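>>> What follows is a predicted protein model with its sequence.
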Amino acid sequence: MNPKTEPALAIYRPSVNEVSLTSGGNIPSLSPSLLAFWVITVIAIALTGCGDTAEIQAPPAAKVKIAHPLSRDVTEWDEFTGRIEAIEAVEVRARVGGHLEKVNFFAGEKVKKGDLLFTIDPKPYQAQLNLAQAELERAKSKRELAQNDLERAENLLKAKAISIEEYDGRSKGLREASASVQAAEANVYRAKLDLEYTRIHAQIDGRVGRELITTGNLVNGGGAATLLTHIVSIDPVYVYIDADERSVLKYKRQLSGRENLQGMPMQLNLTDESDFPHRGTLDYIAPSADTDTGTVTLRGVFENTHNLLSPGFFARVRIQGGAPYPALLLPDRAIGTDQAQRFVWVLNQDDQAEYRKVIPGARIDGLRVISEGLTAEDKVVIEGQQKVRPGAKVAPELVTFGGE
């Protein structure tokens, strides 16, 4: 104990009545007043402590980062999940049967309309064409013969050398021969088509799939036509989304009730993108809503010059939800939650923290619009909120922030 700081205690001498002996006469027993004296003495010594007395220091001010809300004009966008689809898609099927003789493309490559894709053995169809052409020549010969017979019959009728019935018979014979020529010409045309169908061409520009049938296999035409491959167009592409009724009504009111909404700007993100780099326009709205989901199908058209938008891919699509307007923005990390209430910590002129209720709005470019509760001059705590207490003084560091 340091004698300089040891408290001065009054010497207490217990009286005879305050000390008594036990029944054995050897062990003293303290009276209640004496026991209280010793307890008070021990407490006093403990409070004074050993060594020099140290003053109790106030805790240092909490270090926090503050910033003014970002003030700028913003545009709200409504985001939806969509799926990319090709504008044109073709199933390439055999139109005539036969053995597949050749595959004339590489799987997955780009093709142009008219490019040769498959060749079916043409020899049977060439033979049919030759036969049809021969039948046509025979029919033409019969027509010429019937024409000559009719001309002779006309002369004989004038000379009254044949009856009218015979003349009518030769006239109908010419008509029949002419009809036979037309039928033969149709057979030739059909044979030419069948021969042409042995060479299967691309019907659209796009990207071709893999060959589903390889060389040497027998393919079928007609009603059970064999599927050979697929072709899908790649530029531009469609994107379909299902929008809620409230959003669709908002778009219609923006466009003064125009029904088709054509021309509204749209932006698109792929799975690995975040800044909506693809631009398109809305070109279709379904004529009725889905009563099960309460949504309306919308379709946008997007250019695909870099071939990133593949049919079947999921995409995030956003549509402009209104005209630009001035707003205050904060990072989401600056906004706290108190049950259903959202709040921020704002510093007054004495660097003391004040609880401020706010109403957050849309999230734009990584920041949150503050609809109510702040001004552009407020100093808002954006880091270190867990150290802040109402009315407590803090050590602020002014920083700036942008989109996150």
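Received, thanks.
>>> buried ones in the top strand by length along the chain?
In the chain, with assignment by DSSP state E, the single longest strand is strand 353-364. Neighbour counts over strand 353-364 (16 or more other CB atoms under 10 Å) mark A353, V358, P360, G361, A362, I364 as buried. For the C-beta atoms, the positions are set from N, CA and C on the backbone; glycine is no exception.
>>> and it, which strands flank it?
Strand 353-364 has the following strand partners under DSSP bridges: strand 341-347 (antiparallel), strand 367-372 (antiparallel).
>>> partners of the helix or strand that L117 is a member of, with directions?
Using DSSP states H and E, L117 sits within strand 116-120. If you go by DSSP bridges, strand 116-120 pairs up with strand 98-103 (antiparallel), strand 199-201 (antiparallel).
>>> Export those as a markdown table, with columns for mean pLDDT, distance to L282 and mean neighbour count.
Converted to a markdown table, these look like this (pLDDT from 0 to 100; distance: least, CB to CB, whole Å; neighbours: other CB atoms under 10 Å):
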| stretch | mean pLDDT | distance to L282 | mean neighbour count |
| --- | --- | --- | --- |
| strand 98-103 | 92 | 40 | 17 |
| strand 199-201 | 93 | 35 | 18 |
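>>> Now tabulate those strands in a markdown table and tack on distance to V301.
What follows is those, written out as a markdown table (distance: least, CB to CB, whole Å):
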| stretch | distance to V301 |
| --- | --- |
| strand 98-103 | 33 |
| strand 199-201 | 27 |
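>>> Which of the ones you listed sits closest to V237?
Closest to V237 of those is strand 199-201 (CB to CB; 23.3 Å).
>>> contacting residues around the helix or strand that comes right after the closest one?
Once strand 199-201 ends, the next helix or strand along the chain (criterion: DSSP H and E) is strand 206-208. Around strand 206-208, the neighbours that count as contacts under CB atoms under 8 Å, 6 or more residues apart in numbering are 86, 88, 90, 92, 105, 107-111, 117, 202, 229-234.
>>> Strand 206-208 pairs with which strands, parallel or anti?
When DSSP bridges is applied, strand 206-208 pairs with strand 110-111 (antiparallel), strand 227-232 (antiparallel).
>>> Just the buried positions in the last one, please.
It stands for strand 227-232. The neighbour-count check on strand 227-232 (16+ other CB under 10 Å) flags L228, T229, H230, I231, V232 as buried.
>>> Next, the buried residues of the next helix or strand after it.
Downstream of strand 227-232, the next assigned helix or strand under DSSP H and E is strand 237-244. Within strand 237-244, the residues scored as buried using 16+ other CB under 10 Å are V237, Y238, V239, Y240, I241, D242, A243.
>>> still on that earlier bit, could you flag which of the contacts of strand 206-208 are buried?
Counted by 16+ other CB under 10 Å, these give 86, 90, 92, 105, 111, 117, 202, 229-234 as buried.
>>> Got phi/psi on E88?
Backbone torsions of E88, given as degrees, to the nearest 10, read phi -130, psi 140.
>>> residues near the closest residue in space to L329 that isn't next to it in sequence, how many?
In space, and not counting its chain neighbours, L329 is closest to L367: 3.9 Å by CB to CB, 6 or more residues apart in numbering. L367 has 23 neighbours, counted by other CB atoms under 10 Å.
>>> Is L367 bridged to anything, and to what?
Beta-bridge partners, per DSSP bridges, of L367: I364.
>>> R356 versus that one, what's the distance?
Using CB to CB, to the nearest Å, L367 is found at 18 Å from R356.
>>> Sticking with E85, tell me its helix or strand.
Taking DSSP H and E as the criterion, E85 maps to strand 77-86.
>>> That strand: what's the following helix or strand?
Once strand 77-86 ends, the next helix or strand along the chain (criterion: DSSP H and E) is strand 89-93.
>>> who's in contact with T305?
With CB under 8 Å, 6+ apart, T305 has these contacts: D235.
>>> did I read that right, it in a strand?
No: applying DSSP: H, G, I helix; E, B strand; the rest coil, one finds T305 to be coil, outside a strand.
>>> Just the pLDDT for it.
Listed pLDDT for T305 reads 87.
>>> same check, this time on G321
pLDDT recorded at G321 is 78.
>>> what's around it, how many residues?
G321 sits with 15 neighbouring residues when counted by other CB under 10 Å.
>>> That one and V74 touch, don't they?
No: applying CB atoms under 8 Å as the test, G321 and V74 come out as separate, 10.9 Å apart.
>>> rewinding a little: show me what counts as buried in the strand holding L117.
Across strand 116-120, burial judged by 16+ other CB under 10 Å covers L117, F118, T119, I120.
>>> buried stuff in the next helix or strand after that strand?
Note on strand 116-120: by DSSP H and E, the next helix or strand toward the C-terminus is helix 123-158. Neighbour-count burial for helix 123-158, counted by 16+ other CB under 10 Å, picks out 124-125, 128-129, 132, 135-136, 139-140, 142-143, 146, 149-150, 153, 157.
>>> Could you do stretch 164-183 as well?
Residues R170, G173, L174, A177, S178, S180, V181 are the ones in stretch 164-183 that count as buried (16+ other CB under 10 Å).
>>> can you check stretch 287-298 too?
By 16+ other CB under 10 Å, the buried positions in stretch 287-298 come out as A289, T295, V296, L298.
>>> residue ranges of the helices in the stretch 201-350 of the chain, please?
Ranges of helices in the stretch 201-350 of the chain, per DSSP state H, counting those that start in this stretch, are 245-254.
>>> Not counting stretch 368-382 itself, show me its contacts.
Contacts of stretch 368-382 (CB under 8 Å, 6+ apart): 64-69, 71, 74, 76, 327-335, 344-347, 353, 356-363, 388, 394, 396, 398-399, 401.
>>> Weed out the non-buried ones from these.
Buried among the contacts of stretch 368-382 (16+ other CB under 10 Å): 64-69, 74, 76, 327-331, 334-335, 344-347, 353, 358, 360-362, 388, 394, 396, 401.
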